[in-house]
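Asks: what follows is a predicted protein model with its sequence.
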Amino acid sequence: MCNIKPIDELKVSPIEIVNLSAKINNNLILDNISFEIPDKSITAILGPNGAGKSVLLKTINGLVPISKGKITFNSQETSEAIRKKQAMVFQTPTLLRRSVLHNMEFINSINKETNILDAKFLLKRVGLDNFYNHPARLLSGGEKQRLSLARALLLKPKLLLLDEPTTNLDPYSLKLIEDLILEESIKGTTIILTTHDMAQAKRLASNIIFINKGKVLEQTEGKVFFRKPATNEARKYLAGEILL
Amino acid sequence: MNILLEAFQQSFHLVFNFDKDLFEILFLSLRVSLVSLLLSCLIGLPLGTILAIKNFWFRDSILIIFNTMMGLPPVVVGLIVYIIISRSGPLGWMGILYTPTAMIIAQMILIIPIIVSLSAQIIEEIQLEYKNLFKSLVISSQDAVKAYLFDARYSILTVMLAGFGRAISEVGAVIIVGGNIDHLTRVMTTSIALETSKGNLSLALALGIILLLIALTVNFLLIRLKITAKRKSYV
């Protein structure tokens, strides 16, 4: 019997990460980590710079190869169909050398499920409806990040990966992006984000994963983590101390 | 100073009197250069794209060869093509020596390395920029290549204009394989060489001025294109 489910029915979460290790240029970045991301949750991955947060997101998205261990999506190993149900917003948005609307239309050209109306609706939602013909690479940092998120949402993902989506953004862009994240979560999208903004993690995340030096030190509920972190490293991190 | 003034007067006279011989030479120059450019792009762009996106073990060696070939001396190219297509050469049976076809082949050998090397560099740069995004979007390599070429269109046009500049101003190769035959293979550059050797300096200079005007127009277009692309941040 065939185990592969049709794409539109395909569920990509819960996500289970088992004994995962990943290397970049032969340096071990993720060291034998295991945790589970619940279905339809918002999970914040916290940790100091260089802890391996971005690499973890990229590994889940299939951009960094797995050296050891495995990642399963709703008990299935990754496949092209599963990867097509994911969308990732990078810390530094990569925008095509085209206008704002053409950046969205590019997604329509590769994803037959969406059309120009979806693209225009999302551009309006992120406050870029007056920028259709504006060259994307000339947008401000916040506008670029909003366009990048709109483009990701146009894919109608079931798993949304956000790598520090609001770093250096003004309060308007920050609020807009957070509202969109919450809306997507209500629609049933599983969301994993990395952030250094503790207030944001408190506002958004139901689930916290704290990593340091490529190891998962804590996985707990948001409320619990901020009230009573279990590890010394997490306490120091929340207090703003340097982790050695 | 007199000769310059005379040359300017003569060039205006030739252009505004629609001198039949001049326009014949001019059109042949443009035809040979444009056809060689078009054919060079048809070969060079796919080759440049493959070299930019595929990683095979002798890729770097091929790129080094094409980079070196950008500085090929035209007379050497002319000589090699001459040897190959002359009656006793391996392709002598084709009978194309002293024809515009021979001139196009020689010019293609000079332009293809420019198209390959520069387009490979441009596409490699854009590929590095888009790599993670496209991998994340799980798009096919065919769609990715289409996107690289579309988004690099301004830079590629600049490369094409650079190739055209090399072709239209070339003299060494076309004079060897074309033979500078009147009404058959005489182009702007070979005419200038001929008139100079005949001591007809003002006519040679007049032709030179017209050739410079063509080069100026090409460069003007190139700069406009660069400004537009930069303004829109498309490069």
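Replies: In hand now; what should we look at? Keep in mind that this is a model prediction, so the values were computed, not measured.

Asks: so where does residue A:191 fall, helix or strand?
Replies: strand A:190-194 (DSSP states H and E).

Asks: I'd like to know which elements that strand is packed against.
Replies: strand A:42-46, helix A:53-60, strand A:159-163, helix A:171-187 (3 or more Cβ pairs under 8 Å, 6 or more residues apart in numbering or on different chains; DSSP states H and E). C-beta: built from backbone N, CA, C; applies to glycine.

Asks: would you mark the buried spots in whichever helix or strand comes after it?
Replies: Next helix or strand after strand A:190-194 toward the C-terminus (DSSP H and E): helix A:198-204. For helix A:198-204, a neighbour-count test (16 or more other Cβ atoms under 10 Å in any protein chain shown) marks A:200, A:201, A:204 as buried.

Asks: which ones are touching the residue sitting furthest away from the middle of chain B?
Replies: In chain B, counting by Cα atoms, centre = their mean, residue B:136 sits farthest out from the average C-alpha position, at 38.4 Å. Neighbouring residues of residue B:136 by Cβ atoms under 8 Å, 6 or more residues apart in numbering or on different chains: A:61, A:62, A:63, A:86, A:87, A:88.

Asks: that's a strand at residue A:209, yeah?
Replies: Yes - applying DSSP: H, G, I helix; E, B strand; the rest coil, one finds residue A:209 inside a strand.

Asks: show me what it is bridged to.
Replies: residue A:45, residue A:219 (DSSP bridges).

Asks: ok, residue B:157 - contacts?
Replies: So residue B:157 contacts residue B:225 (Cβ under 8 Å, 6+ apart).

Asks: who wins for proximity to residue B:171 among the helices and strands packed on strand A:190-194?
Replies: Residue B:171 lies closest, by Cβ to Cβ, to one member of these: helix A:53-60, at 54.4 Å.

Asks: quick one: that closest one to chain centroid distance?
Replies: 9 Å (Cα atoms, centre = their mean, to the nearest Å).

Asks: quick one, that helix and strand A:159-163 angle?
Replies: 150 degrees (axes from the mean of the first three to the mean of the last three Cα atoms, to 10 degrees).

Asks: any idea of the angle the next helix or strand after helix A:53-60 forms with helix A:53-60?
Replies: Elements were assigned by DSSP H and E; along the chain past helix A:53-60, the next helix or strand is strand A:68-73. Between strand A:68-73 and helix A:53-60, the angle comes out at 70 degrees (the same axes, to 10 degrees).

Asks: how many other residues sit next to residue B:24?
Replies: 14 (other Cβ atoms under 10 Å in any protein chain shown).

Asks: what strand or helix carries the closest residue to it other than its chain neighbours?
Replies: Nearest non-adjacent residue to residue B:24, counting by Cβ to Cβ, 6 or more residues apart in numbering or on different chains: residue B:183, 6.7 Å away. Applying DSSP H and E as the criterion places residue B:183 outside every helix and strand.

Asks: what is the burial count for residue B:183?
Replies: Residue B:183: 9 neighbours (other Cβ under 10 Å).

Asks: what sits against residue 209?
Replies: Went with chain A since none was named. A:35, A:43, A:44, A:45, A:46, A:216, A:218, A:219.

Asks: wrong one, chain B
Replies: Contacts of residue B:209 (Cβ under 8 Å, 6+ apart): B:7, B:8, B:11.

Asks: before we move on, the earlier item: ok, the contacts of residue B:136 vs residue A:105, which is closest?
Replies: Looking across the contacts of residue B:136 and measuring by Cβ to Cβ, the closest to residue A:105 is residue A:87, at 16.3 Å.

Asks: hey, what's the closest one bridged with?
Replies: Going by DSSP bridges, residue A:87 forms beta bridges with residue A:160.

Asks: so it makes contact with residue A:158?
Replies: No - with contacts counted by Cβ atoms under 8 Å, residue A:87 stays clear of residue A:158, the gap being 9.1 Å.

Asks: what about those two, which has more around it?
Replies: residue A:87 (26 against 23).

Asks: contacting residues for the residue nearest the centre of chain A?
Replies: Note on chain A: the residue nearest the mean C-alpha position is residue A:161, at 1.6 Å, using Cα atoms, centre = their mean. Going by Cβ under 8 Å, 6+ apart, residue A:161 touches A:57, A:60, A:61, A:86, A:87, A:88, A:89, A:191, A:192, A:193.
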